[in-house]
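>>> prediction below, plus the sequence it came from.
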Amino acid sequence: YYLDTDQPGENEDVVKSERKEGSKKEKKSKKEKKQHDKTPDRSKKEKRRREEAKSSSRRHKHKKDDLIIESRLRTRRNRATAEDEEERKRLMDQQYELRARKVEECRARLLRSGEDAGDADADATAKNKCLDTCKSYSTPDDIPHDIRTTKLTVDAKHDTLLVPINGTLVPFHIRTIKNISKPNDEGGKYTSIRINFHAPGTSFVQQDMFPESNRSKQTLIYLKELNYRSEDGRNLQAVFRGLKELQKRQRTRELESNTMKDIKEQPSLKLIKDRSRPVLRDLNVKPQLGSTGRNRAVGTLEAHQNGFRFTSSRAEHVDIIYRNIAHAIFQPCENDQTVLLHFNLKDPILVGGKKKTYDIQFYTETRSAGDDLGTRRRAGYDPDEIMDEQREREMITKLNKLFREFVRQVEEQVWSQYAPNLEFDMPYRELGFTGTPNKAHVDIFPCRDCIVALTDWPAYVLSLRNIDIVYFERVSFNLRNFDMTFIFKDYTQTPARISIIPTESLDQIKQWLGELGIVWYQGPTNMNWTNIMKEINKNKQAFIDNGAWEGWFGESVEEGSDDGMDEGDEEYTESEDSDVESEAGGSE
């Protein structure tokens, strides 16, 4: 606005009114613009609010769908799913077929082996009668004549004690003497000696070690005890020491005889002089060669034409012939400290000249047992510890690669030509479980032909080729573990047992045995296998007529898992549910 300065009073009111109207229009335009700008935000908020309402209604609908069940009846909480029930039914159907075939197999095998059973039992009985076969002298003339007939004498050359009886020296072989003692004489004037002999009816004595008593016109009399007393105790003390020494020598000879009894002569090793033969270096061996101590024997394993040869750094060696190998197992290092090759043998061999063993193992440790014994607390981020772990992983990878390469070379270069029936087996770690086969609780892994626990010594190797059936003991839902017993096809062998197996592994083991075609049974209690096998061996024909193992365990409760159910957890009926609802409606 342009004002005339000459007439200020004329247009002052007009200017003020125009200014007010202009400001009102300006405010109105700003307000309309602001409302126009806010309109899209409101539409977005409303759209977001509608989407949230839809999602909440959808979630509410899902919750209602989850609450709706097909049946008004309550089911047991521990009832298995449909898939588990179907798998369980399949396993049981498979077992019924295997058990029917097992009955026929047992009948054919036992009838075939029963023809020679009488001769075998007779030979075993004659073998056990050691007292009937031991002789001190061939004829009475062989008894020394330069010995006084009133004096106890020890003949160490013939392992005999000469005893004066009625003026005659009577020989007793050292095997017939149970023990010898020197009782204390109360007066102290005399020295006494007591000689106890093996006799029927005494404790810890096998009855079949004595001669038969049905000899014609003869009645056998057993001497149980002899007592001698003398004023001069020097001779009796010498006799006491001599008999103790004879007994010690006799036990040593029997131990050596038992050790060498199963040892068979092995053929000489045919060496491969080519340098390209498979070789694995820096190995330890179990059992140890020579004397045991801190310094373990480290050596080299070589594959030759008909066997392996391990040579230690002390120039000691042991040979393993290929035809004597029952199982060859390669176990790489996975979550443990060793990578190893294990050989289970058909016939035992001597290791170190005096140790009889059916198993020999060659291994290398990825880290020493003392690496984890440090007491120093380390920080959360320790570069040294990280480097140690990295080196350990690299060492494990390197050793596994070396052992795998050795196994591959042996199979392709040697066994394919000289031992085509041999092949290295590997444990199935995904089927592993824990148990106690000997004394320690160890990790057990199934292989193709055996069950093994090789990390701890003595190693455990159970061949599956000679297994007749498997019986699961102490199977119940209120127990956390069970036992597994393996019965061999040779019923004279003592069954093998693995105890304290977690119940979680039961279904997996059953499935694995079914895949191998092995029959299994289960029961809620432990079995006395000594009496069971004794009764079966006593009358094998009755065992066959009663249905073999099906007659023993076929009627046992296969659904033994229901024993641990809570019987009070019963299903509600529809009438009971309706009664409850009517009472609730009446109370309202």
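Sure thing, it's come through.
>>> and the nearest residue to Thr168 once chain neighbours are set aside, helix, strand or coil?
Excluding the flanking residues, the one nearest Thr168 by Cβ to Cβ, 6 or more residues apart in numbering is Thr149, at 6.5 Å. In this view, the C-beta of every residue, glycine as well, is placed from N, C-alpha and C. For Thr149, the assignment made with DSSP: H, G, I helix; E, B strand; the rest coil gives coil.
>>> correct me if wrong: Thr149 contacts Pro164.
Yes. Under the criterion of Cβ atoms under 8 Å, Thr149 makes contact with Pro164 at 5.5 Å.
>>> who's more crowded, those two?
Pro164 (16 against 13; other Cβ atoms under 10 Å).
>>> beta-bridge partners for the more buried one, please?
Counting by DSSP bridges, Pro164 is bridged to Leu169.
>>> need the pLDDT of it.
Each residue has a pLDDT score; the one for Pro164 is 87.
>>> offset the numbering so it begins at 14, please.
Understood, numbering begins at 14; the last thing we discussed is Pro177.
>>> isn't it up against Lys164?
Yes. Pro177 lies in contact with Lys164 (Cβ under 8 Å); the separation is 6.5 Å.
>>> so Arg294 belongs to a strand, correct?
Yes. With three-state DSSP as the criterion, Arg294 is part of a strand.
>>> what's the separation between it and Tyr484?
45 Å (Cβ to Cβ, to the nearest Å).
>>> the more surrounded of the two?
Between Arg294 and Tyr484, Tyr484 has the larger neighbour count (other Cβ under 10 Å), namely 25 against 12.
>>> wait, a helix at the more buried one?
No. Counting by three-state DSSP, Tyr484 is not part of a helix but strand.
>>> which residues does it bridge with?
Going by DSSP bridges, Tyr484 forms beta bridges with Thr498, Tyr534.
>>> show me what contacts it?
497-498, 500, 533-536, 540, 566 (Cβ atoms under 8 Å, 6 or more residues apart in numbering).
>>> any idea how far it is from Tyr534?
The gap separating Tyr484 from Tyr534 is 5 Å, by Cβ to Cβ.
>>> identify the contacts common to those two.
Phe566.
>>> enumerate every residue touching the residue nearest to Thr181.
177, 180-182.
>>> got CSV for these, with distance to Glu436 too?
Shown next, in CSV, are the contacts of Thr162 (distance: Cβ to Cβ, whole Å):
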residue, distance to Glu436
Pro177, 68
Gly180, 73
Thr181, 68
Leu182, 65
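>>> all helices for the chain, in order.
25-80, 95-126, 130-141, 143-146, 247-274, 396-422, 429-431, 519-529, 542-551, 553-558, 561-566, 587-600 (DSSP state H).
>>> check which helices and strands the fifth one sits against.
Under the contact criterion of 3 or more Cβ pairs under 8 Å, 6 or more residues apart in numbering; DSSP states H and E, the helices and strands touching helix 247-274 comprise strand 166-168, strand 173-178, strand 190-194, strand 204-210.
>>> mind running it again at 10 Å?
Judged by 3 or more Cβ pairs under 10 Å, 6 or more residues apart in numbering; DSSP states H and E, the packing partners of helix 247-274 are strand 166-168, strand 173-178, strand 190-194, strand 204-210, strand 238-243, strand 351-364, strand 368-378.
>>> show the average pLDDT along it.
Mean predicted lDDT for helix 247-274 stands at 84.
>>> next, the buried residues of that helix.
248-249, 252-253, 255-256, 259-260 (16 or more other Cβ atoms under 10 Å).
>>> one more: the shortest one?
The neighbour-count check on helix 429-431 (16+ other Cβ under 10 Å) flags Tyr431 as buried.
>>> I'd guessed Ile206 sits against Gly255; true?
No. Between Ile206 and Gly255 there is no contact under Cβ atoms under 10 Å: 11.4 Å.
>>> and for these two, which residues touch both?
165, 193 (Cβ atoms under 10 Å, 6 or more residues apart in numbering).
>>> quick revisit: most neighbours out of the contacts of Thr162, which is it?
Going by other Cβ under 10 Å, Leu182 tops the contacts of Thr162 with 22 neighbours.
>>> what's near enough to touch that one?
With contact taken as Cβ under 10 Å, 6+ apart, Leu182 is in contact with 153, 156-158, 160-166, 168, 173-176.
>>> quick one: it from Thr162, how far?
Remark: distance between Leu182 and Thr162 (Cβ to Cβ) = 6 Å.
>>> where does the stretch 364-513 of the chain have low pLDDT?
366, 380-394 (pLDDT under 70).
>>> outline the domain layout of this structure.
97-126+479-575, 145-274, 278-382+397-439 (automatic domain parsing).
>>> so which of these comes closest to Val455?
Nearest to Val455 among the domains of the chain is domain 97-126+479-575 (9.8 Å), distances taken as Cβ to Cβ.
>>> distance from the chain centre to the closest one, please.
Centre-to-centre, domain 97-126+479-575 and its host chain are 18 Å apart (Cα atoms, centre = their mean, to the nearest Å).
>>> same check on stretch 279-296?
Relative to its chain's centre, stretch 279-296 lies at 32 Å (Cα atoms, centre = their mean).
>>> what's the first-to-last distance across that stretch?
Using Cα to Cα, to the nearest Å, the gap from the first to the last residue of stretch 279-296 comes to 24 Å.
>>> how about stretch 299-310?
Stretch 299-310: ends 9 Å apart by Cα to Cα.
>>> same question for stretch 312-324.
5 Å.
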